[in-house]
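Visitor: Here is my input; please provide its structure:
(one chain, ligands or ions: 1)
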Amino acid sequence: IKQENVRNFSIIAHIDHGKSTLADRILEKTKALTQRQMKEQFLDAMDLERERGITIKLNAVQLNYKHKNEEDYLFHLIDTPGHVDFTYEVSRSLAACEGAVLIVDAAQGIEAQTLANVYLALDNDLELIPVINKIDLPNADPDRVAQELEDVIGIDKDEVILASAKDDIGVDEIMERVVSDIPSPSGKMENPLKGLIFDSMYDPYRGVITYICVKEGSVKVGDKIRLMANDKEFEVNEIGVFRPNPVPQDELTVGEVGFLTASIKNVSDTRVGDTITLAKNPAETPLPGYKRLNPMVFCGLFPVDSNQYNDLREALERLELNDSSLQYDAESSQALGFGFRCGFLGLLHMEIIQERIEREFNISLITTAPSVIYEVEKTDGETVEVDNPSTMPDTQLVQEVREPFVKATVMVPNDYVGPVMEIAQKKRGQFVDMQYLDEVRVNVVYHIPLSEIVYDFFDKLKSKTKGYASFDYDLIGYHASKLVKMDILLNGDTIDALSFIVHRDFAYERGKNIVDKLKDLIPRQQFEVPVQAAIGNKIIARSTIKALKKNVLSKLYGGDVTRKRKLLEKQKEGKKRMKMVGSVEVPQEAFMAVLEMN
Ligand code: GTP
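Guide: Next up, the predicted model:
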């Protein structure tokens, strides 16, 4: 197929607006397997798949499309990750495309991630095909949403396709518009190879499988390739495309999207956004837009059972094979013993990794509260990066502390603007802008410290807006803040794993809140335990966990056997996540208590 008849595109949407359903329809109409069939097929083959360790991400499918003008076209439909933590990956997947189908739900209208995705698409100069989906819904309001698209994004409302991916309305028109509106890839076959890496995964038998879009030139099996970010060279073993099953090919030429393997051992060699070229005829410059992703959120992971330290190390090693943005370093805490300080792209990424360690590797974890990276300028002129509150230099040695700020965009119905502003203010947000999207929906923009976002910002937002708010954020840089380290003492001992960094103006309030919270979370011991919050040597708040009374159970629960048993079971359950810290038994929740202190 001629290069003029190739179309590379993505579908972009806010969560649940119907991206997968539309992708399924397009696969069906081009006679490829749908995602659902793929899944079924894979579920059947699961054991085999597990044995061979092969998993396929369906994120770049090659499809044949016959236009009504009888011409044959080759589509590459490229999937994008759907969460704000993975913005950079989304932008690199979009960089592989010349256009995008923009889906907006006919009942919901534009949401925060609709806009975030549109900005990424425009950054990559993509042609947009606007689609209002779910017009079959009884509460669909396509006119209002079309007007919104015109007012907010500047899309002519006459260009919008009205569709229902579910009922197969408008889907043919979408495919025709892919042909008529999206340009073909513009690279040249005779230029030196430039292949954009937009994803990669580790396979134990074949090494790293790299997903690429060939922007210039071509690549064949047997070629020696060079990765331009690190100058490493490898020989290509295998090339193929996903239709959607992997189909081997000898070659990928300009405009094509597929995969290659080259006995690459480590996913961190094939960074998303890097350019692959040929060793013997290299391109002069790499493709634009490559960034090395750095973790933004850090926390400590400790095994509840200290005998599982080596298991935890192995689990992290295994997970790292497939995840070049996961970082970890051995850490030892006086309170929690040996563990790892881990870095993640964001909170979701952190939760995914924690859950995988617990579920796939069967390790019970104590996790400490997430922290961001602070830049600390000391009085001696040295600047250090601090990703662990317990390693913050003493207050008298600190000249200035800088922390990362984000631009946070929240979209809500106007009834909820008040609560949103209240939350943002409490989170030290600075108001930037507010815009009406239509008569009822408002876009509110704040600059907020990232540390406040990684705490419970989104949960608060959802609960205060009955789930109507949608949210997106972008890092904007470091700014100085009046921050201090708060230490927590149990029974007179500083517990390093409970230290946190707090704004001076909130220090007293949060100190008071956290000692009260810890008093409730930490079970009574045989003796009285004072809980104190301190800044430097100064105690700023205190509460007391009273000593256990004898026979507390029989007194409280008299003769009711089932309730007594329930209580005992509950205590046993809790025991699993307890850690002896000095002389005091501390449950997992205590290490996370600071998250709810805002
Ligand atoms: P994520 O994978 O979570 O990002 O969502 P998505 O954007 O891929 O949405 P998905 O296709 O999974 O659709 C979300 C829900 O909307 C599902 O329950 C679909 O069945 C439903 N849905 C999708 N398209 C339509 C449509 O045209 N009409 C109606 N009524 N429902 C639809």
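
Visitor: Report the next helix or strand after the helix or strand harbouring Tyr328 in sequence order.
Guide: According to DSSP states H and E, Tyr328 maps onto strand 327-333. With elements assigned by DSSP H and E, the helix or strand that comes after strand 327-333 is strand 337-344.

Visitor: The closest residue to Gly511 other than its chain neighbours: what secondary structure?
Guide: Leaving aside its chain neighbours, Gly511 sits nearest to Ala533 (3.5 Å; criterion: CB to CB, 6 or more residues apart in numbering). The C-beta positions use only the backbone N, C-alpha and C, and glycine is treated the same way. Here Ala533 is strand, with the state taken from DSSP: H, G, I helix; E, B strand; the rest coil.

Visitor: returning to what we had before: may I see the buried residues of the strand holding Tyr328?
Guide: Within strand 327-333, the residues scored as buried using 16 or more other CB atoms under 10 Å are Gln327, Tyr328, Glu331, Ser333.

Visitor: And for stretch 24-33?
Guide: Buried-residue list, stretch 24-33, by 16+ other CB under 10 Å: Asp24, Arg25, Ile26, Leu27, Glu28, Thr30, Ala32, Leu33.

Visitor: Show me what from the protein comes close to the ligand.
Guide: 13, 15-21, 82, 133-134, 136-137, 164-166 (CB under 6 Å from any ligand atom).

Visitor: Tell me which of those fall in strands.
Guide: Ala13, Asn133 (DSSP state E).

Visitor: Taking the residues of the chain next to the ligand, tell me the two that lie furthest apart.
Guide: Gly82 and Asp136 (22.9 Å; CB to CB).

Visitor: my guess is Glu320 is in a helix, correct?
Guide: Yes - the assignment for Glu320 is a helix, going by three-state DSSP.

Visitor: Now that it has come up, it's in contact with Glu314, right?
Guide: No - proximity of Glu320 to Glu314 does not meet the contact threshold set by CB atoms under 8 Å, at 10.6 Å.

Visitor: If you count surrounding residues, which of the two has more?
Guide: Glu320 (18 against 13; other CB atoms under 10 Å).

Visitor: Apart from its chain neighbours, what residue comes closest to Asn5?
Guide: Closest to Asn5 by CB to CB, 6+ apart is Tyr73, at 4.7 Å.

Visitor: hang on, I meant Ser371
Guide: Going by CB to CB, 6+ apart, Ser371 has Phe298 as its nearest residue, at 5.2 Å.

Visitor: Can you report how many residues lie near the one you found?
Guide: By other CB under 10 Å, neighbour count at Phe298 equals 23.

Visitor: The one 10 residues further on too?
Guide: Summarising burial for Gln308: neighbours were counted as other CB under 10 Å, giving 18.

Visitor: so it sits right up against Ile363, yeah?
Guide: Yes - with contacts counted by CB under 8 Å, Gln308 reaches Ile363, the gap being 5.2 Å.

Visitor: For the closest residue to the ligand within the stretch 401-550 of the chain, give the beta-bridge partners.
Guide: The nearest approach of the stretch 401-550 of the chain to the ligand comes at Ser470, 12.6 Å away (CB to the nearest ligand atom). Going by DSSP bridges, Ser470 is paired in beta bridges with Met411.

Visitor: rewinding a little: over to the residue nearest to Ser371. Which of the three states is it?
Guide: From three-state DSSP, the assignment for Phe298 is strand.

Visitor: how near is it to the ligand?
Guide: 28 Å (CB to the nearest ligand atom, to the nearest Å).

Visitor: Bridged to Ile169, which residues?
Guide: Ser164.

Visitor: circling back: in terms of neighbours, single out the busier of Gly82 and Asp136.
Guide: Taking neighbours as other CB under 10 Å, Gly82 and Asp136 compare with Gly82 leading, 16 against 13.

Visitor: Check what pLDDT that one gets.
Guide: With respect to pLDDT, Gly82 has a value of 66.

Visitor: so what strands line up beside the strand holding Tyr328?
Guide: Partners of strand 327-333 in its sheet, by DSSP bridges: strand 337-344 (antiparallel).

Visitor: Could you identify the helix or strand that succeeds the partner strand?
Guide: helix 347-360.

Visitor: could you say which helix or strand contains Thr114?
Guide: helix 112-123.

Visitor: can I assume Arg341 is in contact with Ser390?
Guide: No - contact between Arg341 and Ser390 fails when scored by CB under 8 Å: they sit 10.1 Å apart.

Visitor: quick one on the thing from earlier: dump the residue contacts of the residue of the stretch 401-550 of the chain closest to the ligand.
Guide: His14, Glu111, Ala112, Gln113, Val410, Met411, Val412 (CB atoms under 8 Å, 6 or more residues apart in numbering).

Visitor: Setting aside sequence neighbours, what's the nearest residue to the fourth one?
Guide: Across the structure, with CB to CB, 6+ apart as the measure, the residue nearest Gln113 apart from its sequence neighbours is His14 (4.3 Å).

Visitor: Contact partners for the one you found?
Guide: Val104, Asp105, Gln108, Ile110, Glu111, Ala112, Gln113, Thr114, Asn117, Ser470.

Visitor: Can you verify my assumption that the fifth one contacts Met411?
Guide: Yes - here Glu111 reaches Met411: they are 5.9 Å apart, a contact under CB under 8 Å.

Visitor: re earlier: tell me which of the buried residues of strand 327-333 is nearest to the ligand?
Guide: Gln327 (27.0 Å).

Visitor: so how far is the ligand from the closest residue to the closest one other than its chain neighbours?
Guide: Using CB to CB, 6+ apart and skipping residues adjacent in sequence, the residue nearest Gln327 is Gly343, 3.6 Å away. Taking CB to the nearest ligand atom as the measure, Gly343 falls 26 Å from the ligand.
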